[in-house]
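1. Sharing a model that was predicted from the sequence below.
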Amino acid sequence: MAKNNGFPRIPDSEFEARIAAVKGKMRERNIDLLVLYSNALDPGHVRYLADVAGINESVATVIPLEGDAIVCSGQACQVWSKHKSRVKDVHIFPELSEVVGSEYLVGDQFIFSNLFQELRQKHSINKIGTVGTLIFPQIIYAQLQKTFPEAEIVNAEPLMFELRLHKSANEVACIRKAAEILDESFTNAVQKIQVGWTELDIMAEIEAGILRGGAEGTAASWEPMIPSGPEHANLWMNRNTLRKVSAGEIICLQAGAVFEGYNAALCAPFVLGKIPGEIQSAVLAANEAMGAAIQSLKPGATSKQVNAAGKAVLKRTGFAQYSPYGIMHNIGCLECESPRMAEDKDFPVVEGMTVCIDVFLFRLPWGSFRIENTLAVTAHGADRLTKFNEKFVARHFA
């Protein structure tokens, strides 16, 4: 494990091995060219292969089966991308620039059609894979079609998630660091929150702790969410507001942290002052369901079994009707990444996975809340990476 100022850092050799593994998957599927696209909504694929994420622009990676990988950066981020990239060859493309289409005069620029023409001349390309299913831009896809009119173009995103599912010791170390940062931030925040604080005040306290702890930011694609009271707690997803929190109401503390491109997530219910009995009973039931799911999370189990273990507790305690989805999902370069591991899917649990157990109770008479933890699957079972909830929830709602 390489380290940066005492913090874990994934070595260059691991990025090189990832490129080689991608080419192995390409060869299995007879893919001659792979084009991966990432933006702020889904930075994971390019970050995984090159350690590059755009700041105010998008990024891409182009990998010919028989040639070297190329990182593709926008104009504004060209110096940053070259500084950060673990892949040596970085090209600048206007198609990845800021949405206003600004032009910068620093360095050489390409357009994707020129790059694709170069690759067409060097290699026999009959099958092309694209990665970035929900975000892949038409402006790049059209140039692929025009340059390779007889090539088959397929969705190759599953290829990448097959590789990203199993985490190396270095990856787990980065997720563990993100989890430790979250634990400390939550521990400090709950001691300070007071009646009259706004949701934005609480967000600021948690986010400041995340940044002071050494994270590069909050979870990829979402900021801390602090819905409070019946109306805001029932929004499911939210932007924080100037609403002031009161005693005796549900306050949802929900945040993630990113360290070296890897996410951890932590969510906890919180109440100031005397806790109403109906909130207490629901939270304790959800916490029991969390424990049952974690107990069943081990190699040889399936996602269906893990979900069933937690859902059985909710059914026994009378809260199953408030649980709208499965309680398990994968985590890594995204906070919620494929596979989702829904409750009706027999997805195998294997050593080296990192997952979240997310027990969400929605639209109770007084609001909604979730308890969420980040865990790693070891040969012996679940390793809790976020530890804050383990003691806090039972003690706070006792």
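-> Good, I have the coordinates. Numbers count the residues shown, from 1 in each chain.

2. residue ranges with poor pLDDT in the stretch 51-200 of the chain?
-> Within the stretch 51-200 of the chain, the set of residues satisfying pLDDT under 70 comprises 100-108.

3. Which residue ranges of it form helices?
-> Assigned helices in the stretch 51-200 of the chain, in chain order: 78-84, 112-122, 138-147, 157-165, 169-190, 199-212 (criterion: DSSP state H, counting those that start in this stretch).

4. could you give the angle of the second one to helix 138-147?
-> So that's helix 112-122. Helix 112-122 runs at 30 degrees relative to helix 138-147, counting by axes from the mean of the first three to the mean of the last three C-alpha atoms, to 10 degrees.

5. Check which residues of helix 112-122 are buried.
-> Going by neighbour count (16 or more other C-beta atoms under 10 Å), the buried part of helix 112-122 is Phe112, Leu115, Phe116, Leu119. Where C-beta positions appear, they are placed from N, C-alpha and C, glycine not excepted.

6. Looking at these, which is nearest Val62?
-> Distance to Val62 across the buried residues of helix 112-122 (C-beta to C-beta) is lowest for Leu115, with 6.6 Å.

7. And the buried residues of helix 112-122, which is closest to Thr147?
-> The nearest one, if we look at the buried residues of helix 112-122 relative to Thr147 and count by C-beta to C-beta, is Phe116, at 4.0 Å.

8. got a list of what that closest one touches?
-> Applying C-beta atoms under 8 Å, 6 or more residues apart in numbering, one finds that Phe116 lies in contact with Gln143, Leu144, Thr147, Phe148.

9. Isn't Pro8 up against Glu260?
-> Yes - using C-beta atoms under 8 Å, Pro8 is in contact with Glu260, at 6.8 Å.

10. what's the overlap in contacts for the two?
-> Counting by C-beta under 8 Å, 6+ apart, the shared contacts of Pro8 and Glu260 are Cys174, Lys177.

11. Which among the helices of the stretch 51-200 of the chain is found nearest to Thr354?
-> helix 169-190 (5.4 Å).

12. in that closest one, what counts as buried?
-> Of the residues in helix 169-190, 170-183, 185-186, 189-190 count as buried by neighbour count, 16+ other C-beta under 10 Å.

13. what's the answer for stretch 212-219, then?
-> Taking 16+ other C-beta under 10 Å as the basis for neighbour counts, the residues of stretch 212-219 that come out buried are Gly213, Gly214, Ala215, Thr218, Ala219.

14. For that stretch, which outside residues touch it?
-> Outside stretch 212-219, the residues within contact range by C-beta under 8 Å, 6+ apart are 7, 177-178, 180-181, 184-185, 207, 210-211, 224, 255-261, 263-265, 335.

15. Check the offset of it from the chain's centre.
-> 14 Å (C-alpha atoms, centre = their mean, to the nearest Å).

16. for stretch 360-368, same thing?
-> Distance of stretch 360-368 from its chain centroid, counting by C-alpha atoms, centre = their mean, is 25 Å.

17. mind listing what Ile275 touches?
-> Contacts for Ile275 were tallied using C-beta under 8 Å, 6+ apart; they are Gly248, His396, Phe397.

18. Return the closest of those residues with respect to Met341.
-> Relative to Met341, and with distances defined as C-beta to C-beta, the nearest of these is Phe397, at 27.5 Å.

19. Give me the number of neighbouring residues for that closest one.
-> The number of residues packed around Phe397, counting by other C-beta atoms under 10 Å, is 18.

20. Settle this for me: it is touching Val283, isn't it.
-> Yes - using C-beta under 8 Å, Phe397 and Val283 qualify as a contacting pair, with a distance of 4.8 Å.

21. Now the common contact residues for those two.
-> Jointly contacting Phe397 and Val283 under the rule C-beta under 8 Å, 6+ apart are Pro269.

22. so who does Tyr322 touch?
-> Counting by C-beta under 8 Å, 6+ apart, the residues that Tyr322 touches are Ala282, Leu314, Leu361, Phe362, Arg363, Leu364, Ser368.

23. Run a quick neighbour tally on Leu65.
-> The local packing count at Leu65 equals 18, with neighbours defined by other C-beta under 10 Å.

24. I'd guessed it sits against Glu28; true?
-> No - counting by C-beta under 8 Å, no contact exists between Leu65 and Glu28, whose distance comes to 11.0 Å.

25. Which SSE is immediately downstream of the helix or strand where Met26 lies?
-> Using DSSP states H and E, Met26 maps to helix 12-28. Tracing the chain C-terminally past helix 12-28 and defining elements by DSSP H and E, one meets strand 33-38 next.

26. hey, where'd the strands end up in the stretch 201-350 of the chain?
-> With DSSP state E, counting those that start in this stretch as the criterion, the stretch 201-350 of the chain has strands at 217-218, 251-259, 262-270, 328-330.

27. So which of those strands is nearest Glu390?
-> The closest approach between Glu390 and any of the strands of the stretch 201-350 of the chain, judged by C-beta to C-beta, belongs to strand 262-270 at 10.7 Å.

28. Packing partners of the closest one?
-> Helices and strands touching strand 262-270, by 3 or more C-beta pairs under 8 Å, 6 or more residues apart in numbering; DSSP states H and E, are helix 169-190, strand 251-259, helix 277-296, strand 354-364, strand 367-378, helix 388-396.

29. Pick the most buried one from those.
-> Each of the helices and strands packed on strand 262-270 was given a mean neighbour count from mean count of other C-beta atoms under 10 Å, and the largest, a mean of 27, is that of strand 251-259.

30. tell me the angle that strand makes with strand 354-364.
-> Between the axes of strand 251-259 and strand 354-364, defined by the same axes, to 10 degrees, the angle is 160 degrees.

31. Let's see strand 251-259 as CSV, backbone CA atoms only.
-> The C-alpha coordinates for strand 251-259 follow below in CSV (Å, rounded to 0.1, in the frame of the first residue of the first chain):
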residue,chain,number,x,y,z
ILE,A,251,-33.9,14.4,11.9
CYS,A,252,-32.1,12.3,9.3
LEU,A,253,-28.3,12.6,9.2
GLN,A,254,-27.2,11.2,5.8
ALA,A,255,-23.8,11.7,4.2
GLY,A,256,-21.0,10.0,2.3
ALA,A,257,-17.3,10.7,2.0
VAL,A,258,-14.9,10.1,-0.9
PHE,A,259,-11.3,9.2,-0.3
